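Q: The sequence and its predicted three-dimensional model are supplied below.
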Amino acid sequence: MAILDQKFISRRTVVKTSLFGAAFLYLSTSGCKTGGTVSLSNRGLGCSFLDPKAEDYFFYLCESLLFTFLPKDQKEKEKVLGEVVLGIDSYLSALPSHTQAEITEAIQFLNLGIVRWYVFGSSSNWEDTNRENVIKSLNQWKMSSISLLRSIFFLLQSMVTIGFFENSYSWKHVGYPGPKHALGLRHG
């Protein structure tokens, strides 16, 4: 299921975001074309839930959050980030459809140029977004008095963490030898 193949606004969304918020969410999906949407970086990862624009979003979000754990070699870094995005896609594909619908709306909203500009400081594409601005914005969300922003932060952080640490390809970059080494350890 491609993420941008759907346009929907639920009554719950209208109540939660107010009429203005619902109109803004609708506008975020109204410009989306079904099918052949291709992002600037079309990575061809073969995601089953994420479309190319969402792949780009998570690719650069992961790069911003995981930069200290990533290899220095550009090809190796792109391979690790691609595997992380595939892990996120796998996680999202397994969620119930009503949860997928809410995540779809959130990703479409964050992919709006004006939202990217306001939140992260760059409206053109994710490649031009400054890592420090992304980290600063996410840290503000983490500490926000608005529970919705805190929830978005923890959702994004959880997805990136799951995508990175579920993948054995990433383990060598943080020095984790794998679960087999823990089998011989005695606890307590």
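A: That came through, no problem.
Q: what comes up buried for stretch 149-156?
A: Applying a neighbour-count criterion of 16 or more other CB atoms under 10 Å, one finds 149, 152-153, 156 buried in stretch 149-156. In this view, the C-beta of every residue, glycine as well, is placed from N, C-alpha and C.
Q: typo on my end, it should be stretch 98-107
A: For stretch 98-107, burial by neighbour count (16+ other CB under 10 Å) applies to 100, 103-107.
Q: again with stretch 81-95
A: Using 16+ other CB under 10 Å as the test for burial, stretch 81-95 gives 81-90, 92.
Q: and those residues, which of them are in helices?
A: Using DSSP state H, the members of the buried residues of stretch 81-95 that fall in helices are 81-90, 92.
Q: Check the average confidence over stretch 52-66, would you?
A: Computed over stretch 52-66, the mean pLDDT rounds to 87.
Q: Just give me the closest of the buried residues of stretch 98-107 to residue 136.
A: residue 106 (19.7 Å; CB to CB).
Q: wouldn't that closest one be in contact with residue 152 here?
A: Yes - under the criterion of CB atoms under 8 Å, residue 106 is in contact with residue 152, at a separation of 6.6 Å.
Q: Stretch 71-79: which residues count as buried?
A: Using 16+ other CB under 10 Å as the test for burial, stretch 71-79 gives 77-78.
Q: Oops, could you answer that again for stretch 47-59 instead?
A: Under the neighbour-count criterion of 16+ other CB under 10 Å, stretch 47-59 has 47, 49-59 buried.
Q: quick one on the thing from earlier: possible to save the buried residues of stretch 98-107 as a markdown table with distance to residue 71?
A: As requested, the buried residues of stretch 98-107 are exported to a markdown table (distance: CB to CB, whole Å):
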| residue | distance to residue 71 |
| --- | --- |
| 100 | 32 |
| 103 | 29 |
| 104 | 31 |
| 105 | 34 |
| 106 | 30 |
| 107 | 27 |
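Q: Which ones among these map onto strands?
A: Secondary structure defined by DSSP state E assigns none of the buried residues of stretch 98-107 to strands.
Q: just checking, which of those residues belong to helices?
A: Going by DSSP H, the helices hold 100, 103-107 from the buried residues of stretch 98-107.
Q: Show me which of these is closest to residue 73.
A: Top of the list for closeness to residue 73, among these and by CB to CB, is residue 107 at 29.0 Å.
Q: can you tell me how far the closest one sits from residue 177?
A: Remark: distance between residue 107 and residue 177 (CB to CB, to the nearest Å) = 34 Å.
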